[in-house]
Structure formats: structure tokens, C-alpha cells
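> Please find the sequence and the predicted model below.
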Amino acid sequence: MNTKIKMLRSGTSLIFLSFICLSVCAGVPNSYAPVDDRESFDAVKKRMAGSKAEVESKFQKLLKERYDLSDKALPGVASSGRGKPLQGGVRVKLPAGTTWQQLGDLAPDQIRDKNLWPAGFYPLPHDNQAEGGMLFPQFHIDKIKKQDNRDLARFDLSFGLPEHFLPEYPPAIYLTTRPDLGDVSKGQVVTIANYYDLFNGLLNPKQLDGLRLLVTPTMQQQFNATSDRRVAAPSLGVTCFDCHVNGHTNAATHLVGDIRPQEHRHRIDTPSLRGVNIQRLFGSQRALKTVEDFTEFEQRAAYFDGDPVIATKKGVNILERGSEVHNMAEFQEILDFPPAPKLNVFGKLDPAKASPQELHGQEVFFGKGQCSTCHIPPYYTDNSMHNLKAERFYKEKNINGRLASADGPIKTFPLRGLKDTPPYLHDGRLLTLDDSVEFFNLVLGTKLTDEEKKDLVAFLLAL
């Protein structure tokens, strides 16, 4: 036992666990986080801050092994709000001596046995999988520090994905109640400092109060006042809109709270709240059936890695269902998708407005590509779960502390406004739409040609 304790106190990244999923003393599985702090905050901060460079370097090495991270924007393609250039091209690196066409001609077991599954198609671990926790892009940290005087910088870790692969910031806000206004954010990040001035007179009283609650900070696992926080000074916490900024996303990441042990926990790329009114499944395992259920669950458990015991210690925010939860949902339900001027009322391309390439891509989407089996217009979701069984293509292995094994069922996310939500897939492992097309071409065995792939991307950009 003494040897094990010394290992826990060593400088390796494994000791950065905010909770230990396997009990060291008893040697048996344990679902709960330790509540009793056995190391001073100053000692934890010194140790973890001292290893920060090593942890980040390891994650950057992994990214460079998997992807082409260069800034290569698609000509003439930009996000729907303020026109941030969109990254294009296949960024996942192929195994030496192979082509995408060759891989597409192989059966899953052939790819697995020959170890040809591209590195970028494996599950993407958290920047520090052993520690996990909510992690924000630097541009959001800077903005919130300036605007709200809250510090979202962790002393142990910084966000690793390059900014040019992330959504535009700040995102536009579109409302189902006032489509005539277009973007109502006025180019600002909505926080407690400006929400009232921006939305008073535009929302009804319940919606306005719901927005207030969505931008009000509450305690969270890493951002709180206790000595096992991951911020230098005691913190007021985070807001719903720190991840779902402006009701959209800034690609903030964390680990799902409903899986144990730590090595099996999925990285989560924050999904957009746009169009949440047409969705019927919520939570990483989609066990929650309404946005009200999800809003309440987030505050009670998800903010604390799915551990209601540690939530009590750190300061859980118990929302009143009949008014607070209801009002928060009222605002979330009016967040709209961005305009898609090339789509008709059925959610398909208007031939008078679309290019031949986009129209051909639509044919591939509804035909050979089999995309419409799950992504049904007009919002391009079936509100269901599907198991892609990508583990058919590779042998289980550990990647930076994340065990690459079966992902299980994942939600069919809406594809409307897709170009505004990079990176893609539930854990953000696919940096571009071109990567996504190559991934699903292999997983679904559709054997698309190069022309069909390019045209399919053109159609997806029009949604």
C-alpha cells in the first residue's frame, strides 16, 4: 500500500484524477469521488501547475500525430454570423502507404488486422484524460475575465485544439420568435453584465428570467470555492452559457459524467443549443427526454462529474422546477438554427438557388451515402440513438489514458447549421466536414468516389 501511495504522489499525469475510480486502499471499483481532502491546496496547485507543460506537450504531440493542423480555410465559405473562415480538406492523417480509396475497399476486419484505422478516427481523449474536467478556449477565458471579472483559467491545463478549428466567436443568436431580426446578439457575448440591456423588450418576462439564470455562475467540479478546485482563487463557478456561449457553442470540452471508470469516459464537444426545441433526447446517454430534465440534471450532477455526493460538498445549485427550470427552458426553446437561404420549406435544396455540385451532393446524401437513414429533413435528425460500432475497425488500445474501445450508441445530432459547429462527432475527433465524410464512408461502407465526397460536403455546407 505504501508503494501505491507513493505512486499517487509522483509527478505522473495519472495522479491528476479529480476522483479515483479504482480505490487504492481497497482495490475494488469505486464510483464516488473522495470528499475528504488529504493534500493541501497549495501542494496540489504546485504539483499540478509544475506538470502542466508536460501534460499539454503530450496532448499536442498526439494531435500532430493524428491531424494536419495547418490553417487552410475553404475559399468563399464562412460561418453564418460574422463570417469566420471555415477549415476544409481532410485533416486526418492516413497510415503510411495507404489511400482513402484503398481503405474504402477493405472490410472492417481487414483494416483491424492490418492496423490501418487512421489515428484521427480513434476516440479523442480529453487534453488530460486522467484529470478531465471543464476546459475553455483561451478566447472565452479572456472575454469573461474582461467582461464579468471571472477567471476561467485552470492552473493545471489549457485548451489544446487550435482556434481556427473552433466555432466563430461570439456566435450569432437567432430566435424562433423574431426571425425578422436575424442575429440579435449585436456581436456581443451575452453574460450577466449585458443580458438585460440586450434582451429587455425583446423577450417576455419568463424568457428574460430564464436567460438570467443561464448566465448566472454556479459552482462546478473544477470551478468553485473548495480546496480541490482547479483555479487559483476561489471561484463563483461557471454558467450554462460559458460552454453554450450565446446559446450555441465555443467547443469547450469535458468528460461525460455517466461512465466509470475514468479511462472509459468520453470526451464531449459541447453541442449547440440552436434548434433544441425540435430535439427529444438529452444527456450523453440520452436518458433525459426534455430540455427541462436536462437543465435540472446539469445543475444537480453533470456539473460535478455525475457525482451528487461531491456536489453537496462544492455547493450544488438546486433549481425550483416550476419556475426556474421552466423559465430556463422557455428561453432555450426559442433558440433557432441559422438561416439557410438555399433550402425550401421541406428542408431540401431549391433547384433555382443551389449549384449543380450541391444538388448532386443532395442526391448522394439521400441515396448512395445513406446519410438520410438517420438525418431526416427538415432538421436532419431522427431524434434517436445509433451504434456505429466503429470498434469493428481497430483493436482496443489506450490513447493518452483514454481506452479506445466501443463507444456504444450516440445521438443523431441535427445537421442544420452544421458548418457553424466544428469540430465534429460527439468527442470532436473530426476537425472538418471532409474528415466526417471520410469517417462515415468507412463506417457505413458506402464506397463513395472522390467527386461524390466533395459534392456531399458542398451539400452539407448549404444546410
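Perfect, I can see it now.
> use CA for all of it now, contacts and neighbours both
Noted.
> And the pLDDT at Gln285?
Looking at Gln285, its pLDDT reads 69.
> heads up, I number from 47, so please use that
With 47 as the first residue, the last one maps to Gln331.
> Where is the longest helix in the chain?
helix 98-112 (DSSP state H).
> For that one, list every residue counted as buried.
Residues 98, 101-102, 105-106, 108-109, 112 are the ones in helix 98-112 that count as buried (16 or more other C-alpha atoms under 10 Å).
> excluding its backbone neighbours, what's nearest Thr264?
Gly283 (4.7 Å; C-alpha to C-alpha, 6 or more residues apart in numbering).
> likewise Lys399?
What sits nearest to Lys399 in space, not counting adjacent residues and going by C-alpha to C-alpha, 6+ apart, is Lys388, at 5.6 Å.
> ok, that neighbour - contacts?
Going by C-alpha atoms under 8 Å, 6 or more residues apart in numbering, Lys388 touches 395-396, 399-400, 508-509.
> measure it to Gly247 for me?
Separation of Lys388 from Gly247 (C-alpha to C-alpha, to the nearest Å): 32 Å.
> ok, now Pro121?
39 Å.
> repeat for Ala153
59 Å.
> what's the answer for Gln267, then?
Relative to Gly247, and taking C-alpha to C-alpha, Gln267 is found at 35 Å.
> re the thing from before, next, count neighbours for the residue nearest to Thr264.
Close neighbours of Gly283, defined as other C-alpha atoms under 10 Å, add up to 21.
> mind checking pLDDT for it?
For Gly283, the model assigns a pLDDT of 97.
> from memory it sits against Pro263, does it?
Yes: between Gly283 and Pro263 there is a contact under C-alpha atoms under 8 Å: 5.2 Å.
> if you count what's nearby, which of Gln267 and Gly247 comes out ahead?
More crowded of Gln267 and Gly247, by other C-alpha under 10 Å: Gln267, with 28 against 10.
> Report whether the expected contact of that one with Gly352 is present.
No: contact criterion C-alpha under 8 Å: Gln267 and Gly352 do not qualify, at 9.8 Å.
> Could you pull out the buried residues of stretch 347-365?
347-357, 360-363, 365.
> okay, how far is it across it, tip to tip?
OK, stretch 347-365 end separation, C-alpha to C-alpha: 12 Å.
> which residues touch that stretch?
So stretch 347-365 is contacted by 78-81, 179, 264-267, 270-272, 301-304, 342, 345-346, 371 (C-alpha under 8 Å, 6+ apart).
> Narrow these to those in helices?
Filtering the contacts of stretch 347-365 for helices - DSSP H - leaves 342, 345-346.
> mind listing the strands for the stretch 397-509 of the chain?
Assigned by DSSP state E, counting those that start in this stretch, the strands in the stretch 397-509 of the chain fall at 431-432, 443-445, 448-450, 456-457.
> oh, I was asking about the stretch 97-246 of the chain
Using DSSP E, counting those that start in this stretch, strands in the stretch 97-246 of the chain cover 119-124, 131-133.
> who are the neighbours of the shortest one, in terms of helices and strands?
Using 3 or more C-alpha pairs under 8 Å, 6 or more residues apart in numbering; DSSP states H and E as the contact criterion, the neighbours of strand 131-133 among helices and strands are strand 119-124.
> Return the set of buried residues in the strand it packs on.
Using 16+ other C-alpha under 10 Å as the test for burial, strand 119-124 gives 119, 123-124.
> ditto for stretch 152-169
Neighbour count says stretch 152-169 has 154, 156-158, 162-169 buried, by 16+ other C-alpha under 10 Å.
> Could you work out the most separated pair of these?
Spanning the widest gap among those are Gln156 and Pro169, at 19.7 Å by C-alpha to C-alpha.
> Among the contacts of stretch 347-365, which lie within strands?
If you go by DSSP state E, these have Leu301 in strands.
> Kindly write the ChimeraX command that selects the buried subset of the contacts of stretch 347-365.
Only the buried members of the contacts of stretch 347-365 enter the following ChimeraX selection, criterion being 16+ other C-alpha under 10 Å:
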select :78,79,179,264,265,266,267,270,271,272,301,302,303,304,342,345,346,371
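> low-scoring stretches of the stretch 297-446 of the chain, by residue?
331 (pLDDT under 70).
> So Leu244 versus Asn174, what's the distance?
37 Å.
> Neighbour count: these two, which is higher?
Asn174 (25 against 15).
> The more buried one contacts Val101, correct?
Yes: proximity of Asn174 to Val101 meets the contact threshold set by C-alpha under 8 Å, at 6.7 Å.
> quick revisit: now the strands of the stretch 97-246 of the chain as TSV including distance to Leu203 and mean pLDDT?
Formatted as TSV, the strands of the stretch 97-246 of the chain follow (distance: least, C-alpha to C-alpha, whole Å; pLDDT from 0 to 100):
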stretch	distance to Leu203	mean pLDDT
strand 119-124	28	96
strand 131-133	25	98
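> nearest to Tyr220, of the ones you listed?
strand 119-124 (17.1 Å).
> now for the closest one, which elements pack on it?
On a contact count with 3+ C-alpha pairs under 8 Å, 6+ apart, strand 119-124 meets strand 131-133.
> Parallel or antiparallel, list what pairs with the strand it packs on.
strand 119-124 (antiparallel) (DSSP bridges).
> Now do the strand it pairs with: everything it contacts.
Against strand 119-124 from outside (C-alpha under 8 Å, 6+ apart): 130-135.
> Switch those residues over to TSV, and while doing so, append neighbour count to every line.
Converted to TSV, those look like this (neighbours: other C-alpha atoms under 10 Å):
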residue	neighbour count
Lys130	18
Pro131	19
Leu132	25
Gln133	26
Gly134	19
Gly135	16
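> From these, pick the one nearest Thr237.
Lys130 (21.8 Å).
> got a list of what that closest one touches?
Contact analysis of Lys130 by C-alpha under 8 Å, 6+ apart lists 124, 214.
> Check Asp453 too.
Applying C-alpha under 8 Å, 6+ apart, we find Asp453 in contact with 312, 433, 435-437.
> Please list all residues in contact with Asn189.
For the record, residue 189 is Lys, not Asn. For Lys189, counting by C-alpha under 8 Å, 6+ apart, there are no contacting residues.
> Now do it against Gly368, distance only.
On the measure of C-alpha to C-alpha, Lys189 and Gly368 end up 33 Å apart.
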